[in-house]
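> what's the 3D shape of this:
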Amino acid sequence: MMKYLFVLAIGVGGGYYFGFADGAAGKASIVSRLVERVGGNSRQRVANDIDAVMERIEGNKAADPKKAGKAP
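Have a look, this model is predicted:
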């Protein structure tokens, strides 16, 4: 039981250290960076900007991935 708590403490401490360093440097979160790296071209298809999706469907226009998720 103690070894699990020890490993958990090491993991939480390491995560806090690296997360704090990334936050202080102004980097995007690790989740955002992983989605960018893993998502590839499929990110454009799952964008949540409904206006861009409707333009693509109705006007045969490709959605702009840079506008996805931004509020007007």
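> pLDDT weak spots in this protein?
39-47, 60-72 (pLDDT under 70).
> for it, what's the longest helix?
helix 2-25 (DSSP state H).
> and that helix, what other elements does it pack with?
The helices and strands touching helix 2-25, judged by 3 or more Cβ pairs under 8 Å, 6 or more residues apart in numbering; DSSP states H and E, number zero. C-beta here means a position set from N, CA and C on the backbone, and glycine is covered the same way.
> now with 10 Å, please.
helix 30-39 (3 or more Cβ pairs under 10 Å, 6 or more residues apart in numbering; DSSP states H and E).
> buried residues in the helix or strand that the helix it packs on is followed by, which are they?
Reading on from helix 30-39 to the C-terminus, the next helix or strand found by DSSP states H and E is helix 50-59. Across helix 50-59, burial judged by 16 or more other Cβ atoms under 10 Å covers 52, 56.
> can you show me the CA trace of helix 50-59 as PDB?
Extracted in PDB, the C-alpha atoms of helix 50-59 (Å, rounded to 0.1, in the frame of the first residue of the first chain):
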ATOM      1  CA  ILE A  50     -21.800  25.900 -36.300                       C
ATOM      2  CA  ASP A  51     -21.700  28.900 -38.700                       C
ATOM      3  CA  ALA A  52     -18.600  27.500 -40.500                       C
ATOM      4  CA  VAL A  53     -20.200  24.100 -40.700                       C
ATOM      5  CA  MET A  54     -23.400  25.500 -42.200                       C
ATOM      6  CA  GLU A  55     -21.400  27.500 -44.700                       C
ATOM      7  CA  ARG A  56     -19.500  24.400 -45.700                       C
ATOM      8  CA  ILE A  57     -22.800  22.400 -46.100                       C
ATOM      9  CA  GLU A  58     -24.900  25.000 -47.800                       C
ATOM     10  CA  GLY A  59     -22.200  26.800 -49.900                       C
END
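> could you give the angle of the longest helix of the chain to helix 30-39?
90 degrees (axes from the mean of the first three to the mean of the last three Cα atoms, to 10 degrees).
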